[in-house]
Structure formats: structure tokens, C-alpha cells
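Visitor: From the sequence below, what's the structure:
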Amino acid sequence: MGLEGILKRSNFAQVAMVVENVDEVKKNWASLLGVPVPPTQPCGEYEVCKTRLYGKDAPLVNSSLCFFELLPGLQLELIEPNKEHSVWRDEMERIGEGLHHVAFNVDNADEVVKQLVEEYDAVVEQEGFYGDASGKYVYLSLHRTLKCRIELLESFR
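Guide: The predicted structure is shown next:
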């Protein structure tokens, strides 16, 4: 189908960064953007999120999150991972703070994952449900073909 066909049914939704101190960095972004400082929220409890890392349960993985609405439907996400092995922590230890992923809203994450794995050699790194169970996320490495990581966001609402 090709990447254009796969992502044609989706919307670009987010650019995300990993940071060591979300409360400090969000103040700087709020100042730059001229907007109020948004709240920080926990990623969620494992009992709800069911986080999996490379196909295995990862009950200790967690993070603090902060979201800026840049434009309608487009967010900047700041992620402060806990110290556990995760796609967030590993990236920060490998290259430091900075860009982590770009995200797309999709209607059927499982279908898109299957296509990206088959056609683009994507590797599913981490996945789980939103902290309020209203949707799911999947991180995929497409470093071999696209030189980046993407996140698929599927809302159940």
C-alpha cells in the first residue's frame, strides 16, 4: 500500500520530546509560546495502561506528561520518564533530551502497525493504553526506513 496510503487515513497529531525535568521545561515552553503553563499529569497506572516493552509486560514503566496545544489538533508533548528501562528512558540515555517521536491519530492502530511492520520494517517498541483507558498508543521504530520513531494514537471515543 505504501506509507502514503497507510497514513492517508490518519492525522498528524503531535511532536514529543523527552526531558529530565518536565516542570522546568514546560515553564520555558510556556514563556516562549506566550501561553499559560499546562498541568503535568502521570502517564497512568499499570493496571489501566498495561504497558508493554518489546512485547513483554512492563509494570514499572511510567512517566510524567505535559501537553501544549500548538494548533487545533496539534500538540507538543513533554515526557519525563521514570528511571525504568523504557522507550523514553533509553532514548534519553542514548542521545539526551530532545525530540522523541512524531505521532499520528489513527482509526485502527493494530491494522496500521501490521502494515508498517510488513511494508516498512517497523519494530514495535512500546505500547499501552491511555491512563484513563480512553485509547491506546503504540511506539514504532522506523529508523531503518524513515530515520525516526512514530507513535500511533487510537481513541476509543
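Visitor: Would you map the strands across the protein?
Guide: 11-18, 40-42, 52-53, 56-57, 63-71, 74-81, 98-105, 123-129, 135-141, 149-155 (DSSP state E).
Visitor: and of those, who's closest to residue 116?
Guide: Evaluated over the strands of the chain, closeness to residue 116 peaks at strand 135-141, with 5.8 Å, by CB to CB. In short, each C-beta sits where N, CA and C put it, glycine included.
Visitor: Direction included, what does the closest one pair up with?
Guide: Counting by DSSP bridges, the strands paired with strand 135-141 are strand 123-129 (antiparallel), strand 149-155 (antiparallel).
Visitor: Among those strands, which comes closest to residue 97?
Guide: Closest to residue 97 of those is strand 149-155 (CB to CB; 15.1 Å).
Visitor: angle of the closest one against strand 11-18?
Guide: 120 degrees (axes from the mean of the first three to the mean of the last three CA atoms, to 10 degrees).
Visitor: Please state the offset of strand 149-155 from the chain centre?
Guide: 6 Å (CA atoms, centre = their mean, to the nearest Å).
Visitor: ditto for stretch 58-66
Guide: On CA atoms, centre = their mean, the centre of stretch 58-66 falls 11 Å from that of its chain.
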